[in-house]
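*Asks:* Make a model of this:
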Amino acid sequence: MSEILVHVTRGSHIESCHHGDLVIVNGNGKILYAVGDPHRFTFWRSAAKPFQAIPFLESGGMEAFHIQPHELALMTSSHGGEPAHVDTVLSILSKIGYDTTYLDCGIAAPMYSPAADTILRGGHTYQSTHNACSGKHAAMLALGKLLSFSMENYLHVDHPIQKIMKKTIAACCDMSPQDVVLAVDGCGVPVFGMGIDRMALAYARFSKPESYFEPERARILKRIQSAMTTNPFYVAGTNRLDTILMEVTKGRLVAKLGAEAVYNIGVVDEDLGICLKIDDGSYRAIDPVIIDVLNSLDLITKDEFQQLRSLWKPVVKNHRGEIIGELQPVFKLNKF
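*Replies:* The predicted structure is shown next:
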């Protein structure tokens, strides 16, 4: 059962609470620490994206289409829809010979609100390239082009692309494909349901793939890891925790957000994976929990913690800009 992870205060009083579950495992699946239910079922949402990029690389897509590391990072992203993100989506599409009409992720406002405001102030409308999942969709289109698949209805669960995705996800989570529950994601493609311990396991193995995968897949996972940690802006964007963590730790952490407040971290070369799920899907509760965990387990240095301190207990302001409360992590990690 989930536990209270964060208090939201107003003055000296608790006004709201965020419940959730968290688990930390090693690459063998051993639970090391947990709060709440370490096997809690949920959908992986966009935190699965780094693993969905695997088939593209295994099929030789990087070389075939001359994809650069920042473009690969964008394929794993929930990007903010900032100009550099949009330009990179367009670059990928151009390299594979497709235009934006092939993107079937749907039109969405940029996650980075200043970018959304700029578009509207300029009298323009949002496009599919502003969708946070457009990089993943571009990667699917590229894989389909490479394998000569018809890309009609490429979102459908029975399309060859989606069958490849499910098989890959199952392997990375050490599951049978039939045990991976499918539903529909916000961008239309199948989304994967499982216990958060399986998600943490995948990130533990992602952190040190040479210990858990055959050499070619391990090499590819290291390549994805490197693309994300050396191009963190393209994984998320301005003022986003994924980007901040990878920048501050200089790539010692690989981090990825999922919708409805799923969050994953792999501690590079340390055989350690973290998965957090906030019950109510509120993103504001993620930062305090993640920073508290990283600090309490000495997974960040004292200097790194100071750089991240404002995210640990973020203040609540009113419309006058006055500080009237804060978010406080209040949980205790249970060691197993």
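*Asks:* who's in contact with the one helix or strand Ala116 maps to?
*Replies:* Secondary-structure assignment from DSSP states H and E places Ala116 in helix 113-121. For helix 113-121, contacts defined as Cβ atoms under 8 Å, 6 or more residues apart in numbering pick out 80-83, 109-110, 125-126, 130, 238. Glycine gets a C-beta too; all of them are placed from N, C-alpha and C.
*Asks:* and those, which two are the farthest apart?
*Replies:* Among the contacts of helix 113-121, the pair separated by the greatest distance (Cβ to Cβ) is Thr125 and Thr238, at 21.8 Å.
*Asks:* For the two, work out which one has more neighbours and name it.
*Replies:* Thr238 (14 against 9; other Cβ atoms under 10 Å).
*Asks:* Tell me the helices and strands packed up against the helix or strand harbouring Lys166.
*Replies:* Assigned by DSSP H and E, Lys166 belongs to helix 160-172. Counting contacts by 3 or more Cβ pairs under 8 Å, 6 or more residues apart in numbering; DSSP states H and E, helix 160-172 is packed against helix 49-52, helix 54-58, helix 134-146, strand 190-195, helix 196-207.
*Asks:* Which strand residues bridge the spatially most central residue of the chain?
*Replies:* Centre of the chain computed as the mean C-alpha position; nearest residue by Cα atoms, centre = their mean is Lys256, 2.7 Å away. Legend: beta-bridge partners of Lys256 under DSSP bridges are Asn264.
*Asks:* dump the residue contacts of it.
*Replies:* So Lys256 contacts 46-47, 49-50, 76, 78, 228, 235, 242, 263-265 (Cβ under 8 Å, 6+ apart).
*Asks:* starting at the chain centroid, how far to stretch 229-240?
*Replies:* 11 Å (Cα atoms, centre = their mean, to the nearest Å).
*Asks:* what does it contact?
*Replies:* Residues from elsewhere that reach stretch 229-240, judged by Cβ under 8 Å, 6+ apart: 69-74, 76-82, 84-85, 88, 111-112, 114, 228, 242-247, 251, 253-257, 268.
*Asks:* Could you check how far Cys173 is from Val180?
*Replies:* Distance check for Cys173 against Val180: by Cβ to Cβ, to the nearest Å, it reads 7 Å.
*Asks:* and for the two, which residues touch both?
*Replies:* Met194.
*Asks:* quick revisit: residues contacting the helix holding Lys166 from elsewhere in the structure, which ones?
*Replies:* 44, 48, 51-52, 54-55, 140, 143-144, 147, 149, 151, 154-156, 176-177, 179-180, 182, 189-190, 192, 202, 205-206.
*Asks:* which residues does Val8 bridge with?
*Replies:* Beta-bridge partners, per DSSP bridges, of Val8: Ser16, Leu327.
*Asks:* what angle do the lengthiest helix in the chain and helix 160-172 make?
*Replies:* Longest helix of the chain, by residue count under DSSP state H: helix 215-230. Angle between the axes of helix 215-230 and helix 160-172 is 90 degrees (criterion: axes from the mean of the first three to the mean of the last three Cα atoms, to 10 degrees).
*Asks:* pLDDT (mean, whole number) over helix 215-230?
*Replies:* Mean per-residue pLDDT for helix 215-230: 98.
*Asks:* How far away from the center of its chain is the helix or strand that it is followed by?
*Replies:* Downstream of helix 215-230, the first helix or strand assigned by DSSP H and E is helix 241-248. Relative to its chain's centre, helix 241-248 lies at 12 Å (Cα atoms, centre = their mean).
*Asks:* What of stretch 1-19?
*Replies:* With Cα atoms, centre = their mean, you get 25 Å for stretch 1-19.
*Asks:* and it, how far apart are its ends?
*Replies:* 10 Å (Cα to Cα, to the nearest Å).
*Asks:* pLDDT of that stretch, averaged?
*Replies:* Stretch 1-19 comes out at a mean pLDDT of 97.
*Asks:* got a list of contacts for that stretch?
*Replies:* Contacts of stretch 1-19 (Cβ under 8 Å, 6+ apart): 20-22, 35-37, 40, 278-280, 282, 284-285, 288-289, 316, 324-331.
*Asks:* same thing but at 7 Å, please
*Replies:* 20-21, 35-37, 278-280, 282, 285, 288-289, 316, 324-331 (Cβ atoms under 7 Å, 6 or more residues apart in numbering).
*Asks:* From the chain's centroid, how far away is the longest helix of the chain?
*Replies:* On Cα atoms, centre = their mean, the centre of helix 215-230 falls 15 Å from that of its chain.
*Asks:* what does stretch 275-291 give?
*Replies:* 13 Å.
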